[in-house]
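after the sequence you'll find the predicted model.
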Amino acid sequence: MPILDVKKDVSYCVGSFGEGLDHPECVTWGSDGYAYAGGEEGQLYRINVTENKYEQFSQASHFVGGMCQDGSGNLYFCSGNKVYKTNSKGEISEYSSGTSAVPMVGPNYPAFDTDGNLYVTDSGEWEKDNGRIFKISPSGQTKIWSEALQTFPNGICLSSDGSHLYVAVSLNPPRIERIPIDAEGEPGNPEIVVDMPNSVPDGLAFDSDGNLYISCYRPDSIFRLDPTGTLEVLAHDYEGTLMAAPTNIAFCGDNLDDLLSANLGRWHISRYNIKASGLPLNYPVI
C-alpha cells in the first residue's frame, strides 16, 4: 500500500486532541473506559476519548514513561528509576525499584500477562547497552527476567496467546524481537521478528487480526507488520507536527477501533482511522 501522508488523507488520520498535554510519551487504554497518558513533569492524565477531553488527576515526581492498568482501575507507570502504582484517586505508591542486587536504571514500559505478572523493560542508558527486562509478580516480588536484549529495550506487548513477549529494541541495530515464554513463565532465546534500519522503534500494539503496529521515535512514522512478515509504512509525517516523535500507541475506545499515538515531541495525542480493532490488553485483578 502507498505511504499515507497524515496531512493529506483526512479520511485516514482523523486528527489530534488533548492539546496542552506536556510532551506525552505514553498512551494506554484502561479497564475503566478511559485512556491514560503521562507528562514531562510527572503529570498523570485521564482522557475521555469520546468527548476529546482530558484531566490531570495526579502528579508524579519525575517524567512519566510507559503505563498500563489492572482490572481494579489501578494505573502502573514508569517514572524516574522506579515503577509506581496509583489508584483512581491519584494516590501514588512505589511498586518496584528492581531487585536488591540490581536496581532499575531506566524503566520504560510495563505490560501485564493474564496472571498478573508485570513485565517491565529497563532501557538502561542510551548507547550504554545495559538494558534488561524485569518481571514483577502479583505479590510485588521483582526479578530479572531477561538480559538477552541490552541495546535499549523499549515498548513491549504480549502475543494473543501469551506465548511470546514482543520487544521494540531501539538501538544497535534497531529491530523488533520476541522472547518465547515457557510453561513456567521463563524466557527462551529471543528471535528477530523484523529489522528496522534507520529508525528508532518505540511502541508496539497488536490488532485483532495479528498485525503488529510499530511506532517510531524517529522518523515520525508508524509501521504495520502483517502475519506473513510484510512490513509497510502505515503513516508518516515528514513535517513532524501532527505526528511528532510518536513513541507509544494504543487501540482505545469501546470497540478498540480508535488507534491513538502519543507525541513526545509536542503537546497532543494523534488519532488514526485505520479500520482495525485492537487486541485486548490484559487487566488482571491484583
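In hand now; what should we look at?

residues touching P187, list them.
133, 145-146, 148, 165, 179-181 (C-beta atoms under 8 Å, 6 or more residues apart in numbering). C-beta: built from backbone N, CA, C; applies to glycine.

who does it bridge with?
When bridges are called by DSSP bridges, P187 pairs up with I181.

picking up where we left off before, buried among the contacts of P187? Make that a PyMOL selection.
The buried subset of those, as determined by 16 or more other C-beta atoms under 10 Å, is captured in PyMOL by this line:
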select buried, resi 133+145+146+148+165+179+181
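
out of the contacts of P187, flag the one nearest to G30.
L165 (21.1 Å; C-beta to C-beta).

hmm, that closest one is touching L149, no?
No - here L165 does not reach L149: they are 10.0 Å apart, not a contact under C-beta atoms under 8 Å.

anything in contact with each of the two?
133, 179.

quick one: the strands in the stretch 151-286 of the chain?
153-158, 164-169, 175-180, 191-195, 200-206, 212-218, 221-225, 231-236, 246-252, 258-263, 269-272 (DSSP state E, counting those that start in this stretch).

next one: G106 from G278, what distance?
27 Å (C-beta to C-beta, to the nearest Å).

comparing the two, which residue is more hemmed in?
Using other C-beta atoms under 10 Å, the more surrounded residue of G106 and G278 is G278, with 22 against 18.

for T241, see how far away the more buried one is.
Taken as C-beta to C-beta, the span from G278 to T241 is 25 Å.

next one: R266
R266 sits 7 Å away from T241, going by C-beta to C-beta.

more neighbours, the two?
Using other C-beta under 10 Å, the more surrounded residue of R266 and T241 is R266, with 20 against 15.

verify the contact between the more buried one and P246 for me.
No - at 9.9 Å, R266 does not count as touching P246 under the criterion of C-beta under 8 Å.

how about low-confidence regions in the stretch 51-200 of the chain?
Of all residues in the stretch 51-200 of the chain, none has pLDDT under 70.

try 90
52 (pLDDT under 90).

what segments of it are helices?
Listed in chain order, the helices of the stretch 51-200 of the chain (DSSP state H, counting those that start in this stretch) amount to none at all.

now the spatially closest residue to A244 that is not a sequence neighbour: how far from L259?
Excluding the flanking residues, the one nearest A244 by C-beta to C-beta, 6 or more residues apart in numbering is G265, at 3.4 Å. Distance, G265 to L259, by C-beta to C-beta: 18 Å.

counting neighbours, what do you get for the residue nearest to A244?
16.

would you confirm that it contacts L21?
No - at 11.8 Å, G265 does not count as touching L21 under the criterion of C-beta under 8 Å.

assign S16 to helix, strand or coil.
strand (DSSP: H, G, I helix; E, B strand; the rest coil).

that one: neighbouring residues, count only.
21.

list the contacts of F57.
F57 sits in contact with 44-46, 88, 90, where contact means C-beta under 8 Å, 6+ apart.

please read the previous query as pertaining to N52.
By C-beta under 8 Å, 6+ apart, N52 lies in contact with 17-18.

likewise S221?
Applying C-beta under 8 Å, 6+ apart, the residues near S221 are 199, 215, 233-237, 243, 246.

can you name the residues bridging to it?
When assigned by DSSP bridges, S221 has beta-bridge partners C216, H236.

number of residues surrounding T228?
T228: 6 neighbours (other C-beta under 10 Å).

give me the phi and psi for it.
Main-chain dihedrals, T228, degrees, to the nearest 10: phi -80, psi -10.

what pLDDT does the model give it?
You'll see T228 listed with a pLDDT of 95.

gap between it and P103?
T228 is 42 Å from P103, by C-beta to C-beta.

residues in contact with V64?
Contacts of V64 (C-beta under 8 Å, 6+ apart): 25-26, 38-40, 42-44, 77-79.

and if you look at R218?
199-200, 245.
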